[in-house]
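J.: Based on what follows, work out the 3D shape:
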Amino acid sequence: MSSKLTYLFMRGVIRFFVILRSNFLSFLTLTTVIFMYHVFWVAGSGTAGFLNHLSQANTIRVYLANNNDIIAEQILSSIKVLDNVTSAKYYSQKDAKAFAVANAPKAATLESFAEEFFPSFIEIYPSDTLEETLDKIVTEAGHIKGVDEVSYGKEYMIKFKAIGRGAWLFITAMSVLFALSAVFVVYNTIKLSLYKYKEEIKLYSLVGATRPFISVPYLFGSFFLSLFAYLCSLIIFAAVFIPFNSRILIQAGINIYDVPDIKYFILSCIIVCIIGVISARASVISFLKQVSSINED
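T.: Here you go, the predicted model:
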């Protein structure tokens, strides 16, 4: 049994090189499909992750009815004893202006504005970012005398969460389309190779060759073809994306796209190889149905 499997394995290796040589354009197409999926995954998951980050509220802002520092300190003390409040910090009008200048893009023009244009506020740091917790703090803080408005941007969080869910649905749908593209490429590549050796396969059938004897080498060949295409796509991805991300995107202030972790590459490689083998099997079965006198056992 082991000698037979070894023989079929070696025939599979030979089939791989034959397919690679005779259908090199198909190999390039498969490599391109996988490479484009790497790019799409990084872009899609990075964008979805960024939207998810935007949907998380790390602080709650409390605007005061007046800018009296003494009253503000009293309100701050009342806020700090609320449940689920880790800490809170008071920003006077002077502090509020400095905060705006430090955090707003192209904030040089804000320097010329008087401090009176910047309302004082209190920044609350909750113990967690669950919506129920945030809503509870907002309600309790809103009842404190001297508080004008309490908000953590809930309406924007809801919008960003909805967009993020839509992004992941789009990623899932596109993943299916990329998988179908890979199936189409491998299926037709193997079918072309089978037609090329049609007369040889018929000859095998006449001497009693079984279906596994004919199909297994193509399954091995498809596995190696898929694996090699994946490795080549990985090399191209590393050569193109890493320099582009570090030299252009990050330099431009776009720092939301990262190289996927090792789990992604292992899982995607396994999926690509499985797709290759299944597609090859479907192609072989379809072809053998057209060839008579092939033994079933």
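
J.: Just name whatever secondary elements the strand or helix carrying residue 273 is in contact with.
T.: Element membership for residue 273, per DSSP states H and E: helix 262-288. Judged by 3 or more Cβ pairs under 8 Å, 6 or more residues apart in numbering; DSSP states H and E, the packing partners of helix 262-288 are helix 24-54, helix 154-196, helix 211-244. For every residue, glycine as well, the C-beta is placed using N, CA and C.

J.: what's residue 197 sitting at in phi/psi?
T.: phi -110, psi 30 (degrees, to the nearest 10).

J.: which residues sit against stretch 144-155?
T.: 57, 59-66, 71-72, 74-75, 78-79, 131, 134-135, 137-138, 141-142 (Cβ atoms under 8 Å, 6 or more residues apart in numbering).

J.: Show the end-to-end separation of it, please.
T.: 23 Å (Cα to Cα, to the nearest Å).

J.: on that earlier part again, next, format the helices and strands packed on helix 262-288 as TSV and append mean neighbour count, mean pLDDT and distance to residue 117.
T.: Formatted as TSV, these follow (neighbours: other Cβ atoms under 10 Å; pLDDT from 0 to 100; distance: least, Cβ to Cβ, whole Å):
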stretch	mean neighbour count	mean pLDDT	distance to residue 117
helix 24-54	18	88	27
helix 154-196	16	88	23
helix 211-244	19	90	42
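
J.: Averaged pLDDT, the helix holding residue 273. What do you get?
T.: Confidence over helix 262-288 (mean pLDDT, whole number) is 93.

J.: Now go through the contacts of stretch 144-155 and say which are in strands.
T.: The strands, defined by DSSP state E, take in 60-64 from these.

J.: From the contacts of stretch 144-155, list just the buried residues.
T.: 57, 60-62, 64, 72, 75, 78-79, 134, 137-138, 141 (16 or more other Cβ atoms under 10 Å).

J.: Buried residues, stretch 114-130. List them.
T.: 118, 120-124, 126.

J.: Dump the helices and strands packed on helix 262-288 to a markdown table, plus distance to residue 9.
T.: Output for those, formatted as a markdown table (distance: least, Cβ to Cβ, whole Å):
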| stretch | distance to residue 9 |
| --- | --- |
| helix 24-54 | 20 |
| helix 154-196 | 17 |
| helix 211-244 | 6 |
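
J.: So which of these is nearest residue 12?
T.: helix 211-244 (2.3 Å; Cβ to Cβ).

J.: Just give me the closest of the ones in strands among the contacts of stretch 144-155 to residue 217.
T.: For the ones in strands among the contacts of stretch 144-155, the nearest to residue 217 is residue 60 (65.1 Å; Cβ to Cβ).

J.: ok, that closest one touching residue 140?
T.: No. With contact defined as Cβ atoms under 8 Å, residue 60 does not count as touching residue 140 (10.6 Å).

J.: hmm, back to that, tell me which of the helices and strands packed on helix 262-288 lies nearest to residue 16.
T.: Nearest to residue 16, of these and by Cβ to Cβ, is helix 211-244 at 4.0 Å.

J.: now for that closest one, which elements pack on it?
T.: helix 2-22, helix 24-54, helix 154-196, helix 198-206, helix 262-288.

J.: among those helices, which is nearest residue 93?
T.: Among the helices and strands packed on helix 211-244, the nearest to residue 93 by Cβ to Cβ is helix 154-196 (25.2 Å).

J.: Pull the contacting residues for the residue nearest the centre of the chain.
T.: For the chain, the residue nearest the mean C-alpha position is residue 45 (2.8 Å; Cα atoms, centre = their mean). For residue 45, the contacting residues are 171, 260, by Cβ under 8 Å, 6+ apart.

J.: and if we set it to 10 Å?
T.: Neighbouring residues of residue 45 by Cβ atoms under 10 Å, 6 or more residues apart in numbering: 167-168, 171, 256-258, 260, 264.

J.: what about the closest residue in space to residue 226 that isn't next to it in sequence, how many residues close to it?
T.: Excluding the flanking residues, the one nearest residue 226 by Cβ to Cβ, 6 or more residues apart in numbering is residue 276, at 3.0 Å. Applying other Cβ atoms under 10 Å, we find 28 other residues in the vicinity of residue 276.
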